[in-house]
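Trainee: mind folding the following:
(one chain, ligands or ions: 1)
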Amino acid sequence: MSVMTPQRVRVRLRARAADEYHVLVGAGLLTQSGTEARRSLDPRAQRLALISNEKVFGLYGAALLKSLRAAAFSVEPFLIGDGERHKNLRTLEQVLAFLASLGLERTDAVVALGGGVVGDLAGLAAALYLRGIAFLQIPTTLLAQVDASVGGKTAVNTKTAKNSIGVFHQPRAVIVDTETLRTLPARELTAGWCEAVKHGAAGERSLFDRTVEFLKLEPAGHAPSSDAALARLIAAHISFKASIVAGDEREDVGRTDYRSRRILNFGHTTAHALEAVTGYRRFRHGEAVGYGMLVAGEISKRLGTLDGSELELLRDAVRSCGRLPRADDIAPTRITGALASDKKSVGGSVKWILLERLGHALIVDGREISARVLRDSLRAALHKTS
Ligand SMILES: NC(=O)c1ccc[n+]([C@@H]2O[C@H](COP(=O)([O-])OP(=O)(O)OC[C@H]3O[C@@H](n4cnc5c(N)ncnc54)[C@H](O)[C@@H]3O)[C@@H](O)[C@H]2O)c1
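Mentor: So this is what the prediction gives:
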């Protein structure tokens, strides 16, 4: 593995500045994880529980174990099942029992190696065990690298709702090794790029342009060839997310301004509905967000807030993320039915993240969107990508 000088992003929470942590981004960083763990964990830390799944551990477990053990940690792995359906209370209980069986102490830590599923679940286990011990995120999907591993949201799903049980628990450090993306399936890359487009579209126009430029040079669906350019772009996404999280760590439901954490849910209102009506089988989450952003864009245009030319740029951006599974066979009424039970609703109405312009989100109460605008927007967006 080649190691280049990593990008370092500082995540500083305005409300609790003392809890700041660093995100390291670069190629080959798995081999430096031990050093980074030593730097960021309590000096008394001795034991680490490494949570992963069989696939990711098979690819990267040995390199990570070697680096952590070389830094004098005693490390024991625990592998959970692969996939969203394992992000549940049962797996959480198994992981907690594992932490207890190792006799981890308050100064020890959990290490999450994998995508968002492993990260969300391991983070929650770390938050609960002994009322909270440290954890390190080592994300290995693009989605987890640009989004899920930073910001401290942890959760598991229940039968009725996704991410409905969780807490905010910030990692002590995040180590992003861009080389791990080389083994990521094309669809997972597409899903990650959709979440990356989301950041720029909702909150930072220059990041949107930069992401689209990168995707023009590096065809989506293929592992990018330039590690340095990729690391810089991922670091820019993390900086953006960190800037939003810093000012609104716990996603204050009372906030409706364009810097509130809620803007990161751009595209998610429809995405959750799309995932639900297709039984969580057709779309990767990021792919559904791709459609969701288009729906929000169509609504924004119909409400007169977003210019048609900017909607066209958004469409191009989503297209450049890669091919999405078809959605034109899903009747808008099925989606509107599912929207009624969206967990992000406040006071009984869904809050939509729309666009005032690219890079500037607008939070709108669902009651301000007529049934006709919603139906027309769904029809337009779900038919217009491939
Ligand atoms: N906490 C947050 O802020 C936040 C934000 C966004 C999403 N999420 C959560 O993240 C989850 C989705 O994460 P995800 O998209 O990473 O899915 P995932 O964790 O299921 O990973 C996708 C697939 O890729 C495999 N994989 C992971 N790394 C690989 C690699 N380097 N090479 C080959 N295969 C690899 C996994 O085993 C899995 O099969 C959802 O549960 C979602 O709710 C959380």
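Trainee: how about the longest helix seen in the chain: buried residues?
Mentor: As assigned by DSSP state H, the longest helix anywhere in the chain is helix 227-247. Neighbour counts using 16 or more other Cβ atoms under 10 Å place 227, 230-231, 233-242, 244-246 of helix 227-247 among the buried residues. Every C-beta, even on glycine, is put in place using the N, C-alpha and C of the backbone.
Trainee: again with stretch 60-72
Mentor: Tyr60, Gly61, Ala63, Leu64, Leu65, Ser67, Leu68, Ala71.
Trainee: quick one: it to chain centroid distance?
Mentor: 25 Å (Cα atoms, centre = their mean, to the nearest Å).
Trainee: any bit of it sitting next to the ligand?
Mentor: No - with Cβ under 6 Å from any ligand atom as the criterion, the ligand is not reached by stretch 60-72; the gap is at least 6.9 Å.
Trainee: how about the strands in the stretch 151-300 of the chain?
Mentor: All strands of the stretch 151-300 of the chain, identified by DSSP state E, counting those that start in this stretch, fall at 173-177.
Trainee: not counting residues beside it along the chain, what's closest to the residue nearest the centre of the chain?
Mentor: Centroid-nearest residue in the chain: Ala148, 2.9 Å away (criterion: Cα atoms, centre = their mean). Once flanking residues are discounted, Ala148 sits nearest to Gly116: 3.7 Å by Cβ to Cβ, 6 or more residues apart in numbering.
Trainee: hang on, the one you found packs against Gln145?
Mentor: No - the pair Gly116 and Gln145 does not pass the contact test of Cβ atoms under 8 Å, sitting 9.8 Å apart.
Trainee: shared neighbours of these two, which are they?
Mentor: Counting by Cβ atoms under 8 Å, 6 or more residues apart in numbering, the common neighbours of Gly116 and Gln145 are Pro139.
Trainee: so for the two, which sits in the more crowded spot?
Mentor: Gln145 (33 against 26; other Cβ atoms under 10 Å).
Trainee: residues touching the more buried one, list them.
Mentor: Residues near Gln145 by Cβ under 8 Å, 6+ apart: Val25, Pro139, Val176, Thr178, Leu181, Gly192, Ile234, Ile238.
Trainee: let me have those in a markdown table, adding distance to the ligand as columns.
Mentor: Output for the contacts of Gln145, formatted as a markdown table (distance: Cβ to the nearest ligand atom, whole Å):
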| residue | distance to the ligand |
| --- | --- |
| Val25 | 15 |
| Pro139 | 7 |
| Val176 | 11 |
| Thr178 | 10 |
| Leu181 | 6 |
| Gly192 | 7 |
| Ile234 | 14 |
| Ile238 | 12 |
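Trainee: got the residues of this structure near the ligand?
Mentor: Residues of the chain found near the ligand, taking Cβ under 6 Å from any ligand atom as the criterion, are 53, 55-56, 59, 82-84, 87, 114-118, 120, 140-141, 143-144, 147-148, 151, 153, 163, 180, 183-184, 188, 191, 285.
Trainee: among these, name the buried ones.
Mentor: Listed as buried from the residues of the chain next to the ligand are 53, 56, 59, 82, 84, 87, 114-118, 120, 140-141, 143-144, 147-148, 151, 153, 180, 184, 188, 191, 285; burial here means 16+ other Cβ under 10 Å.
Trainee: quick one: which of those sit in helices?
Mentor: Using DSSP H, the subset of those located in helices is Val56, Leu59, Gly116, Val117, Val118, Asp120, Leu143, Glu188, Ala191, His285.
Trainee: widest-spaced pair of those residues?
Mentor: Spanning the widest gap among those are Leu59 and His285, at 21.4 Å by Cβ to Cβ.
Trainee: now do Ser206: how many residues are near it, please.
Mentor: A total of 11 residues lie near Ser206 under the criterion other Cβ under 10 Å.
Trainee: buried residues of stretch 120-136, list them for me.
Mentor: 120-129, 133-136.
Trainee: let me fix that: stretch 318-335
Mentor: For stretch 318-335, burial by neighbour count (16+ other Cβ under 10 Å) applies to Val318, Arg319, Ser320, Cys321, Gly322, Leu324, Pro325, Ala327, Ile330, Pro332, Ile335.
Trainee: circling back: starting at the chain centroid, how far to the longest helix of the chain?
Mentor: The chain centroid and the centroid of helix 227-247 are separated by 12 Å under Cα atoms, centre = their mean.
Trainee: quick one: the helices in the chain?
Mentor: Going by DSSP H, the chain shows helices at 33-40, 54-70, 89-102, 116-128, 142-143, 186-203, 205-217, 227-247, 268-277, 285-302, 308-320, 332-339, 371-382.
Trainee: now do the fifth one: which elements does it pack against?
Mentor: Helix 142-143 makes packing contacts with helix 186-203 when contacts are defined by 3 or more Cβ pairs under 8 Å, 6 or more residues apart in numbering; DSSP states H and E.
Trainee: name the helices or strands packed onto the helix it packs on?
Mentor: By 3+ Cβ pairs under 8 Å, 6+ apart, helix 186-203 packs against helix 142-143, helix 205-217, helix 227-247, helix 285-302, helix 308-320, strand 351-357, strand 360-365.
Trainee: residue contacts, Trp193?
Mentor: Leu142, Thr211, Leu215, Ala220, Gly286, Ser320, Cys321, Gly322.
Trainee: tell me the one of those residues nearest Arg250?
Mentor: For those, the nearest to Arg250 is Gly286 (23.7 Å; Cβ to Cβ).
Trainee: now for that closest one, how many residues are close by?
Mentor: Gly286 has 31 nearby residues by other Cβ under 10 Å.
Trainee: can you tell me, leaving aside adjacent residues, what's nearest to it?
Mentor: Ala191 (2.7 Å).
Trainee: tell me which residue in the stretch 251-386 of the chain sits closest to the ligand.
Mentor: When distances are taken as Cβ to the nearest ligand atom, the stretch 251-386 of the chain reaches nearest to the ligand at His285, 5.3 Å away.
Trainee: that'll do, ta.
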